[in-house]
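Q: Below is the sequence, then the predicted model.
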Amino acid sequence: MSEVLMAMAAGLVCGLIFSALKLPIPAPPVLSGVMGIVGVYIGGISYQWIVERFFS
């Protein structure tokens, strides 16, 4: 849980700095960005499951 809070804090600080410097936020559009992250996470879990299931 502390990793989640640290990631949220780091994102908040980055967002504040970029907004203060009037730079575009370094993130993709909201829904597509979240879905991309979810896809990467599911892909990583799927790889581990496939390797454990079929190659161990």
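A: Yes, it's here. This structure is a prediction, so every number in the text was calculated from the model and none was measured. Residues are numbered from 1 along each chain as shown.

Q: ok, now how distant is the residue nearest to the spatial centre of the chain from residue 43?
A: By Cα atoms, centre = their mean, the chain has its centre lying nearest to residue 37, at 4.8 Å. Per Cβ to Cβ, to the nearest Å, residue 37 is found 11 Å from residue 43. For the C-beta atoms, the positions are set from N, CA and C on the backbone; glycine is no exception.

Q: intersection of neighbour lists for the two?
A: By Cβ atoms under 8 Å, 6 or more residues apart in numbering, residue 37 and residue 43 have no common neighbours.

Q: ok, and what's touching stretch 29-44?
A: Under Cβ under 8 Å, 6+ apart, the answer for stretch 29-44 is 27, 28.

Q: How far off centre is it?
A: With Cα atoms, centre = their mean, to the nearest Å as the basis, stretch 29-44 stands 7 Å off its chain's centre.

Q: Secondary structure class of the residue nearest to the centre of the chain, three-state.
A: What DSSP: H, G, I helix; E, B strand; the rest coil gives for residue 37 is helix.

Q: ranges for the helices of this protein?
A: Assigned by DSSP state H, the chain shows helices spanning 2-20, 30-54.

Q: Just put those helices in CSV and tack on mean pLDDT.
A: Converted to CSV, these look like this (pLDDT from 0 to 100):
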stretch, mean pLDDT
helix 2-20, 89
helix 30-54, 90
